[in-house]
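Participant: Sequence and predicted structure are below.
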Amino acid sequence: MIVLKTERLFIRQLKEIDFQDSIEHRMDPEVCKYISKPMTIKEVFQFVIKHSKAWKGNINERLALGVILRNEDKLIGELMVKYKNKTNNIVEIGFRFNKKYHSMGYAFEATQALIYHLFINLKVNKIIGICDTRNIASYSLMQKLGMVKTTKIMKETMIDGIPTYQMEYFISKRIWMDKFNKINETINQEKK
């Protein structure tokens, strides 16, 4: 089971007690605009129950992680992980946050911690993220995390009845380690 802590956040598998907080972002048309159709209360309940069960790490099996504000014990969003290729250790990640907590750095903080965990503890070799071409906030976050847009053309999909195109970003462990090492070198030089 994945349990992560950052300065402001606690990240762990979704639990049944997260149902009420999950309603706030899973039923919100603004949050869902580029991801999926907003859920009904019944669909949110079924989603939380389904993703509260043990994750086996099978191909395309989603692990839903609740992002909890440590000082309020409130679920403010979710991260998603699923294996796309177990032989080569490639995973896809995703994120969805309550709009009340946008532009506060929580998505970056949580996703950065998840990426670290995936590369260091789960020995993942490559992480991909997919987002709607119109979702500036999502692809900006992936770029800030060091992810790079692929040249892969994603086919047209439908989100809540609207045709859309998606793009894929990725970061490999090697690229991430190079970036991570440069950051540490800079920090160490500043301390001298």
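Facilitator: Arrived safely, thanks for sending.
Participant: Give me the longest strand you can find in this structure.
Facilitator: Longest strand in the chain by number of residues (criterion: DSSP state E): strand 74-85.
Participant: on contacts alone, who are the packing partners of that strand?
Facilitator: Helices and strands touching strand 74-85, as assessed by 3 or more C-beta pairs under 8 Å, 6 or more residues apart in numbering; DSSP states H and E, comprise helix 19-26, strand 63-69, strand 90-97, helix 106-120. Using the backbone N, CA and C atoms, a C-beta is placed for each residue, glycine as well.
Participant: State the distance from residue 141 to residue 72.
Facilitator: Per C-beta to C-beta, to the nearest Å, residue 141 is found 22 Å from residue 72.
Participant: If you count surrounding residues, which of those two has more?
Facilitator: residue 141 (20 against 9; other C-beta atoms under 10 Å).
Participant: Okay, and the more buried one sits in which element?
Facilitator: helix 136-144 (DSSP states H and E).
Participant: I'd like to know the average pLDDT value across the next helix or strand after that helix.
Facilitator: Once helix 136-144 ends, the next helix or strand along the chain (criterion: DSSP H and E) is strand 148-149. Averaged across strand 148-149, the pLDDT comes to 93.
Participant: partners of strand 148-149 in the sheet?
Facilitator: Sheet pairing of strand 148-149 (DSSP bridges) gives strand 166-172 (antiparallel).
Participant: Which residues does the strand it pairs with contact?
Facilitator: With contact meaning C-beta atoms under 8 Å, 6 or more residues apart in numbering, strand 166-172 is reached by 115, 125-133, 139, 142-143, 145-150, 152, 154, 157.
Participant: thinking again about what came up before, the helices and strands packed on strand 74-85: which one's closest to residue 4?
Facilitator: Across the helices and strands packed on strand 74-85, residue 4 has its closest neighbour in helix 106-120 (4.8 Å, C-beta to C-beta).
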